[in-house]
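Trainee: Got a sequence here, can you build the structure:
(one chain, ligands or ions: 2)
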Amino acid sequence: MTLQLRVYVPEHPLIKHWLAVARDVNTPSILFKSAMSELGRWLAYEAVRNWLPTIDTSLQTPLAQCSGTFVNPEVPMGIVPIVRAGLALLEEVQKVLPLASVYHLGLVRNESSLEPSCYLNKLPEKFDEETRIVILEPMLATGGSIMLAMQEVTKRGIKPELIRIIAIVAAPPALRQLSENYPGVEIYTAMIDEGLNSKGYIVPGLGDAGDRAFGT
Ligand code: PRP
Ligand code: URA
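Mentor: Ligands and ions are numbered 1, 2, ... in the order given. Okay, the predicted model is just below:
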């Protein structure tokens, strides 16, 4: 597959560790949710590198004058968690981006057609066009859900170049769709898996992320 897409799989032992915990079928729901949050935090840390707007300034320490760099609080930032499974990542991602507004988007796949539908949309009518958006979509499977999320965000005035997607596991069908439609977007994931089974689940994957995170 030739991808016109920037997909990053950060090499980090903690990312590998928490992915293995999340994949393990014997991991109980409470620990699964912790693994998802940890992965959310580390992937967010990588995703905002060279992307968070900063301001250079000079400041006074207790001992001397020196230069310093702060995150620019004036550039609007947004986090779009795809409910439900994206909620498992939200709290830790908010620690990385404490000034970001949170815009929930509730999507669910039809179990037979695998088509997503939207049951909750807290996106604003229009974004300030400078807003940087991080979408939390833990499972990029067929790509139906992320494509719907991208449409909803971009039609409100955000260029794909200002969007970063955090996914725990990504599969080729979703990456292909993103590549064909939004080559400017960047994706940060713990792993690119082999493919999907006949029911649209990622293999080897980690099962149903929403059910496992919320014990349903
Ligand atoms: C899961 C997952 C993604 C979606 C990905 O959601 O959390 O949102 O499937 O699949 P796709 O790429 O084929 O669209 P699900 O519909 O199971 O809802 P849930 O998060 O409430 O469990
Ligand atoms: N959604 C999930 O939760 N898991 C998959 O493997 C695919 C879609």
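
Trainee: Count the neighbours of Y8 for me.
Mentor: By other C-beta atoms under 10 Å, 14 other residues sit near Y8. Every C-beta, even on glycine, is put in place using the N, C-alpha and C of the backbone.

Trainee: And the pLDDT for it?
Mentor: The model reports Y8 with a pLDDT of 97.

Trainee: Check L5 too.
Mentor: Reported pLDDT for L5: 75.

Trainee: Which helix or strand contains the nearest residue to it once chain neighbours are set aside?
Mentor: Once flanking residues are discounted, L5 sits nearest to S179: 4.0 Å by C-beta to C-beta, 6 or more residues apart in numbering. For S179, the host element (DSSP states H and E) is helix 172-181.

Trainee: ok, residues contacting that helix?
Mentor: 1, 3-5, 7, 140-143, 146-147, 150, 165, 185, 187, 192, 194-196 (C-beta atoms under 8 Å, 6 or more residues apart in numbering).

Trainee: What's the ChimeraX syntax to select whichever of the residues you listed are buried?
Mentor: Only the buried entries of the contacts of helix 172-181 go into this ChimeraX selection, using 16 or more other C-beta atoms under 10 Å:
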select :5,7,140,141,142,143,146,147,150,165,185,187,192,196
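
Trainee: just checking: which of the contacts of helix 172-181 also lie near ligand 2?
Mentor: A141 (C-beta under 6 Å from any ligand atom).

Trainee: if we can go back for a sec, ok now the helix holding S179, how far from the chain's centre?
Mentor: 15 Å (C-alpha atoms, centre = their mean, to the nearest Å).

Trainee: Pairing partners for whichever helix or strand comes after it, with directions?
Mentor: Per DSSP H and E, helix 172-181 leads on to strand 186-192 as the next helix or strand towards the C-terminus. Applying DSSP bridges to the sheet, strand 186-192 is found paired with strand 6-8 (parallel), strand 163-170 (parallel).

Trainee: what's the most buried one of the ones you listed?
Mentor: The highest mean neighbour count among those, using mean count of other C-beta atoms under 10 Å, belongs to strand 163-170: a mean of 26.

Trainee: average pLDDT for that strand?
Mentor: Per-residue scores along strand 163-170 average to 98.

Trainee: same deal with stretch 78-94?
Mentor: 98.

Trainee: try stretch 188-200
Mentor: Here the average pLDDT along stretch 188-200 is 97.

Trainee: Once you drop chain neighbours, what's closest to the most centrally placed residue in the chain?
Mentor: Using C-alpha atoms, centre = their mean, the residue of the chain that lies closest to the mean C-alpha position is I166, 2.2 Å off. Spatial nearest neighbour of I166, chain neighbours left out: L43 (4.7 Å); criterion: C-beta to C-beta, 6+ apart.
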